[in-house]
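>>> Based on what follows, work out the 3D shape:
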Amino acid sequence: MKYFLAIDIGASSGRHILGYTDNEGKTVLREIHRFENGAERRGNRLYWNIERLFSCVCEGIVKCRKMGIIPRSIGIDTWGVDYALLDGEGKLIDGVISYRDDRTLGIPEEVYRVITKRDLYRRTGIAEHTFNTVFQLYEDKKSGRLASAEAMLFVPCYLNYLLTGVAVNEYTFASTTGLLDAKKRDWDRELIDLLGLPQKLFGELKQPGSVVGMLDPSIAGFTCPVMLPACHDTASAVAAVPEGNRLWISSGTWSLIGIECDKPYTTEEAESEGFTNEGGLDRRIRFLKNIMGLWIIQSVKRENNGKYTYEQLMELAESSVYKGILRINDDRLLSPANMTEAIKESLAASAQPAPNSIGDLMKAVYRGLAASYADAADGIEKVTGEHFDTIAIIGGGSRDRYLNRLTEEYSHRRVITGSPEATALGNILVQMKYEKKN
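Reported below is the predicted structural model:
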């Protein structure tokens, strides 16, 4: 039996999933390890505990050996935009700062004094978010963090470096940075110079399916190739979307709604609608919108200290008659000290009725999510001139039957569901596809 190992790390948890093809030709997934993740405050900054993440990655690989399984290859995908800076000896500088840190507040306005917002979008096709890599790196330049930096590695690529000793970056992840030429699908060297960022940080980009190197045998007692899947988790998830000309929603901590296409859309209309152009397999473009997703529900659940399951929160929302709608992409919801209070503040700020119960609170969230999906779907049709009558929902959120029903109701489109493990499945499918080519 040929096994492939996907290591899928999200902002709240990570999993090791083995994949193989059964006798009927179906791809079978088997989770063998799971671990928690989350940003941690150190002083006045939010960092990822990258040392702990690497330890968890190694633990899962060791489990393969204990099971008597040596995978044909290993692939890691993670959330986007974040990175590690390395010094001349290949050592980590400072730590890996989380995109949820507030250090980039006000930075976009400084960047726009160097290059206009319109021109930046026209070149890169990336929608403005204060946490975009371009703004993080610009803040690094201001703060002096780049002074001793000789290399930059994206989070999954840094973990690959620790596994193999080989430092390479991958295209789909790079496409989230706001520093790629959207049409050429490579670094915008002129933009990098314009912003005063060191060119040495931006090396050659490898495509999904490339082999990084061999696993250090001291980690787990065996070696195998470490391969680049689509290292950005959404790109991996989209690789598992059911075939057909349809919209998709990758529903997890973030909700990402979009289509795959052959060209970027960098018009003023696309920019004003808040759409972004990211990379996919075979150098295709994922034209999509980032929407605050299940992070909101995850946070409310955590704040209630296990009092409710996700199923119970869903049922409370479904039974509520509350009529308010939460503005899902309100900045108050990005990284609040208390999500419940942030939701209430957001509802009050938009003149929505005050929620009287946890069910009302959840109803506002659910209605807000469905309404934002519908608006984004209409926006995609408006920008591209194409019509899509079906939405395929993949990822963990595909299990939420009430959200699926509301999405169908608000969008007036048929909703189908794909794999809840779409990211891991896409990761494994890429490894399987390219095994024979390496």
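>>> I am assuming residue 193 contacts residue 199, so please confirm or correct that.
Yes. Look at residue 193 against residue 199 with Cβ atoms under 8 Å: they come within range, at 7.2 Å. Backbone N, C-alpha and C define where each C-beta goes, glycine included.
>>> Can you show me the helices along the stretch 101-250 of the chain?
107-111, 117-124, 133-143, 155-164, 171-174, 189-194, 217-220, 233-238 (DSSP state H, counting those that start in this stretch).
>>> low-scoring stretches of this structure, by residue?
Where the chain drops to pLDDT under 70, the residues are 245, 436-438.
>>> in it, which helix has the most residues?
Identified as the longest helix of the chain according to DSSP state H is helix 358-384.
>>> Quick check: which helices or strands does the host helix or strand of residue 14 pack against?
Element membership of residue 14, judged by DSSP states H and E, is strand 13-21. On a contact count with 3 or more Cβ pairs under 8 Å, 6 or more residues apart in numbering; DSSP states H and E, strand 13-21 meets strand 4-9, strand 27-36, helix 50-66, helix 422-435.
>>> Parallel or antiparallel, which strands does it pair with?
Using DSSP bridges, strand 13-21 pairs in its sheet with strand 4-9 (antiparallel), strand 27-36 (antiparallel).
>>> Can you give the contact residues for the first one?
This points to strand 4-9. 14-20, 37, 53, 57, 60-61, 64, 71-79, 155-156, 159, 229, 233, 236, 423-425, 427-428, 431-432, 435 (Cβ atoms under 8 Å, 6 or more residues apart in numbering).
>>> who's in contact with residue 250?
234, 237-238, 256-257, 394-395, 422-423.
>>> tally of neighbours for residue 44?
8 (other Cβ atoms under 10 Å).
>>> List the contacts of it.
Contacts of residue 44 (Cβ under 8 Å, 6+ apart): none.
>>> Let me see the backbone angles for it.
phi -100, psi 20 (degrees, to the nearest 10).
>>> heads up, I number from 776, so please use that
Shifting the count to begin at 776 puts that one at residue 819.
>>> Residue 1034 and residue 1165 touch, don't they?
No. Checked against Cβ under 8 Å, the pair residue 1034 and residue 1165 is beyond contact range at 11.3 Å.
>>> Overlap of the contact sets of the two?
By Cβ under 8 Å, 6+ apart, the residues touching both residue 1034 and residue 1165 are 1021-1022.
>>> out of everything not next to it in sequence, what's closest to the residue nearest the centre of the chain?
Centroid-nearest residue in the chain, with Cα atoms, centre = their mean: residue 854, separated by 3.5 Å. Leaving out its chain neighbours, the residue that sits closest to residue 854 by Cβ to Cβ, 6 or more residues apart in numbering is residue 786, at 5.1 Å.
>>> Distance of that neighbour relative to residue 894?
31 Å (Cβ to Cβ, to the nearest Å).
>>> So these two - more neighbours on which side?
residue 786 (21 against 13).
>>> So the more buried one lies in a helix, does it not?
No. Under DSSP: H, G, I helix; E, B strand; the rest coil, residue 786 falls outside any helix and is assigned coil.
>>> re the thing from before, for residue 1102, find the nearest of the helices and strands packed on strand 788-796.
Residue 1102 lies closest to helix 1197-1210 among those, at 27.1 Å (Cβ to Cβ).
>>> Which secondary structure element is home to the nearest residue to residue 906 once chain neighbours are set aside?
Nearest non-adjacent residue to residue 906, counting by Cβ to Cβ, 6+ apart: residue 874, 3.7 Å away. According to DSSP H and E, residue 874 maps onto no helix or strand at all.
>>> Could I get the phi/psi values of residue 874?
phi -60, psi -20.
>>> per-domain residue ranges of this protein.
779-1009, 1016-1193 (automatic domain parsing).
>>> Name all residues that make contact with residue 817.
residue 870.
>>> Against residue 872, how distant is it?
Distance from residue 817 to residue 872, by Cβ to Cβ: 10 Å.
>>> can you check residue 1141 too?
32 Å.
>>> Skip the chain neighbours and tell me the closest residue to residue 981.
residue 943 is the one closest to residue 981 (Cβ to Cβ, 6+ apart), at 5.1 Å.
>>> How many residues are close by the one you found?
Neighbour tally, residue 943, other Cβ under 10 Å: 19.
>>> before we move on, back to that, out of the helices of the stretch 876-1025 of the chain, flag the one nearest residue 1102.
Per Cβ to Cβ, nearest to residue 1102 of the helices of the stretch 876-1025 of the chain: helix 882-886, 20.0 Å.
>>> Other residues contacting that closest one?
By Cβ under 8 Å, 6+ apart, helix 882-886 touches 892, 895, 903, 905, 909-910, 913-914, 917, 970.
>>> how about 10 Å then?
879, 892, 895, 903-907, 909-914, 917, 953, 969-970 (Cβ atoms under 10 Å, 6 or more residues apart in numbering).
>>> coming back round to it: pretty sure the residue nearest to residue 981 is touching residue 988, no?
Yes. Under the criterion of Cβ atoms under 10 Å, residue 943 makes contact with residue 988 at 8.4 Å.
>>> shared neighbours of these two, anything?
935-936.
>>> Verify the stated contact: residue 985 with residue 1206.
No. Here residue 985 does not reach residue 1206: they are 11.2 Å apart, not a contact under Cβ under 10 Å.
>>> Between these two, which has more neighbouring residues?
Neighbour tally, residue 985 and residue 1206, criterion other Cβ under 10 Å: the higher count belongs to residue 1206, 26 against 16.
>>> got a list of what the more buried one touches?
Taking Cβ under 10 Å, 6+ apart, one finds 777, 779-781, 794, 846-850, 983-984, 1000, 1002-1004, 1213 in contact with residue 1206.
>>> Of the residues you listed, which count as buried by neighbour count?
Burial by neighbour count, 16 or more other Cβ atoms under 10 Å: within the contacts of residue 1206 this picks out 779-781, 794, 846-850, 983-984, 1000, 1002-1004.
>>> of those residues, closest to residue 1115?
residue 781 (34.1 Å).
>>> how far away is the nearest residue to that closest one once chain neighbours are set aside from residue 1162?
Counting by Cβ to Cβ, 6+ apart, the nearest residue to residue 781 once its immediate chain neighbours are dropped is residue 1202, at 3.8 Å. Taking Cβ to Cβ as the measure, residue 1202 falls 31 Å from residue 1162.
>>> With that, I have no additional questions.
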